[in-house]
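**Q** Kindly generate the corresponding structure for this input.
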Amino acid sequence: MKAFLDTNLIVYANDARLPEKQARAIEVVTRLMRDGTGVISTQVMQEYAVVAGSKLHQAPDAILRQLLLLESLEVVEITPALIRRGLELQFRYQIDYWDASILAAAEHARCDVLWTEDLNPGQLYAAIRTVNPFSG
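**A** Below is the predicted model of the structure:
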């Protein structure tokens with residue numbers, strides 16, 4: 001079973017200000033890396049890089065090392081077709097475009113699960129079940 005990681009998990013795994021969320025995010029990300037079942041997209045990498053610099057105040061070399069580590073996951077490149085699919089999902093589910101773009105990438109990679117705190121936990125979006133790793 002393949003699982004897609006939303007940007008928020010990557011950010012929390014690198015955010016020592018929230019130790020409980022950090023520990024849980026590290027647990028999920030590490031397990032998916034070890035199992036070879038984790039998937040991200042170029043969008044996730046870009047969003048992480050922006051947040052890591054602007055909000056987490058990580059040094060550029062730390063951000064680059066983390067991006068190299070993330071490349072050990074399956075990485076979906078965002079294409080024009082995925083942009084269109086993201087728009088379709090946005091309109092269908094009435095969600096934010098960026099969340100819909102994540103779903104489009106997860107669907108493209110044939111993921112079963114999307115780990116995120118941004119969408120309704122347990123809901124199916126285009127046959128992808130969302131799981132909030134931080135909910136009870």
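
**Q** for the lengthiest helix in the chain, what is the average pLDDT?
**A** As assigned by DSSP state H, the longest helix anywhere in the chain is helix 19-35. The average pLDDT within helix 19-35 is 97.

**Q** helices or strands up against it?
**A** Other elements packing on helix 19-35 under the criterion 3 or more Cβ pairs under 8 Å, 6 or more residues apart in numbering; DSSP states H and E are strand 3-5, helix 7-13. Any C-beta I mention is one placed from the backbone N, CA and C, and that applies to glycine too.

**Q** for the longest one, the distance to its chain's centre please.
**A** Centroid separation for helix 7-13 versus its chain: 7 Å, with Cα atoms, centre = their mean, to the nearest Å.

**Q** pretty sure M1 contacts L114?
**A** No: with contacts counted by Cβ atoms under 8 Å, M1 stays clear of L114, the gap being 12.0 Å.
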